[in-house]
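> Based on what follows, work out the 3D shape:
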Amino acid sequence: HPELLDYLADEFREHGWSLKWLHRQILVSRAYRQAAQESEASRSKDPDNLLLWRMPRKRLDFESMRDAM
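Below you'll find the predicted structure:
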């Protein structure tokens, strides 16, 4: 979505290059919150997540977890 990236870049610049502002904008967005919610209706229609209606969860191995820290 080039328009979204242009908008965020322009707003980021206008807010003094504040990463805190940018993080807040992303975290309070409707799309971000929607991605984190799981619904029973979606689970009953696609229990194996073949349509990718939610992000598949997987455990990190130790090296990845250490690198993420």
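> for the lowest-mean-pLDDT helix or strand in the chain, which positions count as buried?
Taking mean pLDDT, DSSP states H and E as the measure, helix 30-36 is the helix or strand of the chain with the lowest mean score, a mean of 71. When burial is assessed from 16 or more other Cβ atoms under 10 Å, helix 30-36 yields no buried residues. C-beta here means a position set from N, CA and C on the backbone, and glycine is covered the same way.
> do stretch 59-67 as well
For stretch 59-67, the buried set under the neighbour-count rule, 16+ other Cβ under 10 Å, is empty.
> Alpha carbons only: can I get that stretch in PDB?
Provided in PDB are the C-alpha atoms of stretch 59-67 (Å, rounded to 0.1, in the frame of the first residue of the first chain):
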ATOM      1  CA  ARG A  59       7.300 -21.300  19.200                       C
ATOM      2  CA  LEU A  60      10.700 -19.800  18.800                       C
ATOM      3  CA  ASP A  61      13.700 -22.000  19.100                       C
ATOM      4  CA  PHE A  62      16.300 -20.900  21.700                       C
ATOM      5  CA  GLU A  63      18.700 -19.200  19.300                       C
ATOM      6  CA  SER A  64      15.900 -17.100  17.800                       C
ATOM      7  CA  MET A  65      14.600 -16.200  21.300                       C
ATOM      8  CA  ARG A  66      18.100 -15.200  22.400                       C
ATOM      9  CA  ASP A  67      18.600 -13.100  19.300                       C
END
